[in-house]
Every structure is written in C-alpha cells, then in structure tokens.
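[1] Sequence isn't available, so here's the structure alone:
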C-alpha cells in the first residue's frame, strides 16, 4: 500500500464517518440457505439471505485500495495532457473528467456496489479527490468558485451514474 493511497483511503473513511453515509453491497457469495426449517410440523422454505449488506470500514478500505490505482492512473493521464496548470476551459471540464474516471473505476472494479450505493461511493471518493487533485490545478482566480465547480460536477454525476454504473437499468 503506497502512502499516497493510504492517505486517500484514510481521508475517504474519515469523510464517510463525518457524513454518516452507508454503502451497501450485493456480495456474490450470498446464496440461499439449503437448511430446512420445520415449525410446528410444517416444512418451511429455507430463509433467504438479505440481498445487500452494509459495507464495513475494513471492506471499504480493501475496495478503495483496489480502486484507487485505476483512478489515479486515469487522473495522471488526464493531467499529463494539459500541463501543470489548467486553462479556464480545462478547469471547467476537469471535475467532470475526474468524476467520470471514478464512476468508470467503480463500475468496472466494484460490481458488488450497485445503483444508488455506487453513486454514493463515487461521490464520497470524488469529494476527497476534488480537494486534493482538482483545486490545486485551478487557476488562482477560479479557486474562489471551486465549491461551485464541485457542486456542478456532483450534479452532473447523475448522467454518468445512469450511463456507466446503471447501464441504463435501475438495478
């Protein structure tokens, strides 16, 4: 685990704790029990496991360690195309690029996180990465409106959420 990734993971876990957000996953290992239940002489079908379970911090940490290299590689590629400081046009579109990279990484790298939970995870990661990777590259005169740019990108997440994470359906 690189220290950069570890720092990001800790910041994301802290952001999750401070916002109180819950993320649920659909583990592939959840299968119906084969155990038969008999109550008052009547054979009942086996109990079904819950379809989703809350993602605990240790599991989230492992998931983030899996996702962050993909996200950071995409971010570095996007940044190398524009140079050390962003132009106004790049600055206005870069937050959307970052959120799209995160959405794609969650879609491909965390299929167990679906629907609204995927959107919640993407937003949680984006809010931390925005402050660390986007704001420092903005021209100085745009930094006062950095929160507005972030809000616009989060609002624009809905389109990416439908297109990338949901794949057009409402899972």
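    Thanks, I have it. Owing to the predicted nature of the structure, the values given are computational and were not obtained by experimental measurement. Numbers count the residues shown, from 1 in each chain.

[2] could you check the distance from residue 120 over to residue 148?
    22 Å (CB to CB, to the nearest Å). (Each C-beta comes from the backbone N, C-alpha and C, glycine too.)

[3] higher neighbour count, the two?
    residue 120 (18 against 10; other CB atoms under 10 Å).

[4] Report the buried residues of the helix or strand harbouring that one.
    Element membership of residue 120 [criterion: DSSP states H and E] is helix 115-129. Within helix 115-129, the residues scored as buried using 16 or more other CB atoms under 10 Å are 115, 117-129.

[5] Return the distance of the residue nearest to residue 127 when sequence neighbours are not counted relative to residue 102.
    Once flanking residues are discounted, residue 127 sits nearest to residue 15: 6.1 Å by CB to CB, 6 or more residues apart in numbering. Taking CB to CB as the measure, residue 15 falls 14 Å from residue 102.

[6] Neighbour count for these two, which is higher?
    Between residue 15 and residue 102, counted using other CB under 10 Å, residue 102 has the larger neighbour count: 27 against 16.

[7] Point me to the helix or strand that includes that one.
    Assigned by DSSP H and E, residue 102 falls in helix 88-109.
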